[in-house]
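**Student:** need a 3D model of the sequence below.
(chains A, B, C and D)
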Number of protein chains: 2
Amino acid sequence: MDNNPALKPLPRTRLHEGIVAQLTNNILAGQFRAGEKLPPERDLAESLDVNRGTVREALKKLEMLGLVEIRHGDGVYVLNYLETGTLELLPALIRSGGTINIGILKGLLQLRRIILPDVAYHAALNRSEEDLAELERTIFNDDSMGINDRDMAIYRLIARSSKNISFLIVLNFFNNSGLVTEFLTLYFSDGANIMRTTRFYHDIFNAIREREPQRAKRIMHDLLVYAERRTIEALAPAGTGE
Amino acid sequence: MDNNPALKPLPRTRLHEGIVAQLTNNILAGQFRAGEKLPPERDLAESLDVNRGTVREALKKLEMLGLVEIRHGDGVYVLNYLETGTLELLPALIRSGGTINIGILKGLLQLRRIILPDVAYHAALNRSEEDLAELERTIFNDDSMGINDRDMAIYRLIARSSKNISFLIVLNFFNNSGLVTEFLTLYFSDGANIMRTTRFYHDIFNAIREREPQRAKRIMHDLLVYAERRTIEALAPAGTGE
DNA sequence: TATTATTATTGGTCGGACCACCCGACCAGT
DNA sequence: ACTGGTCGGGTGGTCCGACCAATAATAATA
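**Tutor:** As a prediction, this is how the structure comes out:
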């Protein structure tokens, strides 16, 4: 694997995804309000100049995001995403309006700061010898991945050690939401942050090895607080207040 | 509104949803393993005796669940859901194999027990006068909804009071995952549980009113511990141990 | 051997058709 | 005036068949 870190990921553009993005933004921007009915699929298809099937695939996705409700024989109704939206909607919410919404981002980081320390807690409690060995190998002897992937892999191993699938799945969201990859590159562009995070790897590995859940929890918490502060600082040089 | 509580809701069945359920189970059961390629859409359509477009809509949903990756010109690859699965996958995971997987359910309840107390904490911290008024009205003067809906509404108001959208969205998952509605009915079928929960409403309302975050957090935690125990007991009469 | 065309396979999109369902309007009987 | 039945138009659900676009495997070429 070459893994040149300076390559564009993959600007794959499937037509219906563009429609999803457009409709999502329209709904989040309040252009379509909760309770209202979207135009019929046939009209949307004509307006967007695409096939009706393509529109349908887009609407399916909106339905899964909890943005709309599709009623057979009736129409497509806009929902109040505050009541029905899913986690996958948060990235779009953070970016809604074309700019990064720092307030929502802070809320999401706060959520992470609530969950991950307890994940570390249970990892120290429930880790197996295999978990520990793989964690050690990844932290100390693995140069095969980029720094971002390695970071995510370490978190994943910690979550796996907790023996709670829910923890693992929630972590997937933080990792695969696209937010992490974006902000992680920013975060690791500062050498001081790399050093701080490396120290964190060592510390939490020791805590998990010695089965000290309370200590693992505190270590995770402290790292998150640090990382959040540094990320927010990098994002908001001036006072882009919450 | 009559609201006869003895009527089945609405078992709407859309064809592609059946396909989603079937493929999801096949993947979770390991019938299609991670890394493997699914049969082409055309073959799947023929096997299932449905149109290819219908198969495509199902595959789109699988993709959103983080179960498969669709590659144009190549094929549909099964992913390791432990690395890419979304929260919406957990309900299917809990029911995979036809029976309720108590181990995974406990893990999910554990996650809830980690998050919700902190939601209550921030609710007590950030609630507005309007939040408080609506909470009071819903707890003390609202007979318009069923006991289940009222319970979910109260949690929603608490989450809203926290002023953190992420909390609200996570709560949506717990509420709309279908798990709650299922287990809540079971839980509220016991009068003792209703009394305990009513006391909880009063207690946490007071804590939020008096802006005592630490107390609100403890109250929420205690209620969740109680509700989890009672729910698990009701589900596993004999020792269906984790 | 390495590189470049070619081809087969597969997902993406298209256009049109029909079915299933919901709703409102209208009608028939009470 | 009310209830229930009927019907027609609108909308989502599914189907068919075709072609476009991207990929991977293969063959042809330098």
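
**Student:** next up, the contacts around A:Glu228.
**Tutor:** The contact partners of A:Glu228, taken as Cβ atoms under 8 Å, 6 or more residues apart in numbering or on different chains, are A:106, A:109, A:113. Glycine gets a C-beta too; all of them are placed from N, C-alpha and C.

**Student:** A:Ile70: what secondary structure?
**Tutor:** State at A:Ile70, reduced to three classes by DSSP: H, G, I helix; E, B strand; the rest coil: strand.

**Student:** helix or strand for A:Phe200, which one?
**Tutor:** In this assignment (DSSP states H and E), A:Phe200 forms part of helix A:191-209.

**Student:** gap between A:Asn51 and DNA strand D?
**Tutor:** Distance, A:Asn51 to DNA strand D, by Cβ to the nearest atom of the strand, to the nearest Å: 9 Å.

**Student:** quick one: the closest residue to that residue other than its chain neighbours from DNA strand C, how far?
**Tutor:** Counting by Cβ to Cβ, 6 or more residues apart in numbering or on different chains, the nearest residue to A:Asn51 once its immediate chain neighbours are dropped is A:Ala45, at 6.2 Å. Counting by Cβ to the nearest atom of the strand, the gap from A:Ala45 to DNA strand C is 7 Å.

**Student:** same question for A:Gln31.
**Tutor:** Using Cβ to the nearest atom of the strand, A:Gln31 is found at 22 Å from DNA strand C.

**Student:** and if you look at A:Phe188?
**Tutor:** A:Phe188 is 32 Å from DNA strand C, by Cβ to the nearest atom of the strand.

**Student:** please name the nearest non-neighbouring residue to that residue.
**Tutor:** Using Cβ to Cβ, 6+ apart, the nearest residue to A:Phe188 is A:Ile147, at 5.2 Å.

**Student:** state the pLDDT value of that neighbour.
**Tutor:** pLDDT recorded at A:Ile147 is 91.

**Student:** any idea of the angle the top helix by length along chain A forms with helix A:191-209?
**Tutor:** Criterion DSSP state H: the longest helix present in chain A is helix A:102-126. For helix A:102-126 against helix A:191-209, the angle by axes from the mean of the first three to the mean of the last three Cα atoms, to 10 degrees is 30 degrees.

**Student:** other SSEs contacting the very next helix or strand once past helix A:102-126?
**Tutor:** Next along the chain after helix A:102-126, taking DSSP H and E as the criterion, comes helix A:129-140. Here helix A:129-140 touches helix A:147-161, helix A:191-209, going by 3 or more Cβ pairs under 8 Å, 6 or more residues apart in numbering or on different chains; DSSP states H and E.

**Student:** how about the lowest-mean-pLDDT helix or strand in chain A, does it reach chain B?
**Tutor:** Least confident element among the helices and strands of chain A, by mean pLDDT, DSSP states H and E: helix A:179-187 (a mean of 85). No. For helix A:179-187, no contact with chain B is found by Cβ under 8 Å from any Cβ of the partner chain; the gap never falls below 11.6 Å.

**Student:** mind checking how far that helix is from the chain centre?
**Tutor:** Centroid separation for helix A:179-187 versus its chain: 10 Å, with Cα atoms, centre = their mean, to the nearest Å.
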